[in-house]
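In: need coordinates for the following:
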Amino acid sequence: MKAIAIEEYGDVKNLHEIELEVPKLAADEVLLENYATSINPIDWKARLGYLKGMFDWNFPVVLGWDVAGVITKVGDNVIDFKVGDKVFARPDIYNDGKKGAYAEYVAVKEDKLALKPNDISFEEAAAVPLAGLTALQVIEDRLKIKKGDKVLIQGGAGGVGIFAIQIAKYLGAYVATTASKKNHDFLKSLGADEVIDYHENKITDVLSGYDAVFDTINAIDDGLAILKADGRLVTIAGKPTAEQKIGSKDVSEWWLQPNGKQLQQLTDLIVSKEVRVIIDSVYPLTTQGLRDAHEKSQSGHAKGKIVIKVK
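Out: Got it, this is the predicted structure:
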């Protein structure tokens, strides 16, 4: 099968097409014919070698951790899914580095899968898992947002931020976010009550007394400064220091936990139009397509998700 891989860590020129064997299945896995995947910041951070301390991969390494496609084979212990099902998932990150989603076929554990609704395209489905699940787990499980809470989402125009704004608004929160001026109207259309242009204003001059902060840009000190004394902050972009954890404020970091049941919960919000999937751009599964997609993501100028069309 065709895959796009890296042979060493470095810039986008390290991404190139290779041939790999179709993944062999474990008993609890299904094999997907991959129709679409998407780009997340973890992709180019992994390409640059930032995850070397977490994963001891052997090259070549196939990146990509969103997948949407059709099941072509099921493992012996798979119960709830069958051949022909249209599904999507955030697969596990495997230690061999060969089972990423920049490939024509992907092996996925059953408990990570959700059924794709017919009224959502494969490209839209591929844009959801990593970013959407991260937003859902932080907003609901970690920050425990409820009706009437005031929450700041730092970096609202990114893939995670867009989902987080909509989920927080669905739960009844007052939502503030940060973004460049060109994205203000867009983010307000998603439900943001207040958008701060970080080029013109410090959030500490504009906001105070917030119940929760979701940090997607590694601006922990700014978030702490506007929290209530018993407020909560979760970051997915930085690592809180011992000093930042001192006091009554609840400060923590979060790493996504792939979960098929929560992905189905998120799907229900999308089907009911409570959450919209925003796609910035679509690229093909080619060497140049992946290079262009990585450059777009790394520039920080994407509005929504960058999708790779596989089939």
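In: surely residue 172 and residue 146 touch.
Out: Yes: Residue 172 is in contact with residue 146 according to Cβ atoms under 8 Å; the separation is 6.9 Å. Just so you know, the C-beta spots here come from the backbone N, C-alpha and C atoms, and that holds for glycine as well.
In: check contacts around residue 187.
Out: 156, 157, 162, 165, 177, 179, 195 (Cβ atoms under 8 Å, 6 or more residues apart in numbering).
In: how much space separates residue 120 from residue 114?
Out: Distance of residue 120 to residue 114, computed by Cβ to Cβ, to the nearest Å: 11 Å.
In: what residues are shared contacts of those two?
Out: residue 267.
In: between those two, which one's more packed in?
Out: In this view residue 120 and residue 114 are compared by other Cβ atoms under 10 Å, and residue 114 has more residues nearby, 25 against 19.
In: where does the nearest residue to residue 206 once chain neighbours are set aside land on pLDDT?
Out: Nearest residue to residue 206, sequence neighbours excluded (Cβ to Cβ, 6 or more residues apart in numbering): residue 196, at 5.4 Å. Here the pLDDT value assigned to residue 196 is 96.
In: would you agree residue 196 is in contact with residue 176?
Out: Yes: with contact defined as Cβ under 8 Å, residue 196 and residue 176 form a contacting pair (6.7 Å).
In: shared neighbours of those two, anything?
Out: Counting by Cβ under 8 Å, 6+ apart, the residues touching both residue 196 and residue 176 are 203, 207.
In: these two: which has the busier surroundings?
Out: Counted by other Cβ under 10 Å, residue 196 and residue 176 do not tie: residue 176 has more neighbours, with 24 against 21.
In: gap between that one and residue 234?
Out: If you go by Cβ to Cβ, the gap between residue 176 and residue 234 works out to 16 Å.
In: cool, and residue 293?
Out: For residue 293 relative to residue 234 (Cβ to Cβ), the value is 28 Å.
In: neighbour count for those two, which is higher?
Out: Higher neighbour count among residue 293 and residue 234: residue 293, with 29 against 22, using other Cβ under 10 Å.
In: so that one sits against residue 308, correct?
Out: Yes: under the criterion of Cβ under 8 Å, residue 293 makes contact with residue 308 at 6.2 Å.
In: what's the lowest-mean-pLDDT helix or strand in the chain packed up against?
Out: Counting by mean pLDDT, DSSP states H and E, the chain has its least confident helix or strand at helix 203-206, which shows a mean of 92. Contacts defined by 3 or more Cβ pairs under 8 Å, 6 or more residues apart in numbering; DSSP states H and E place helix 203-206 against strand 194-196, helix 220-225.
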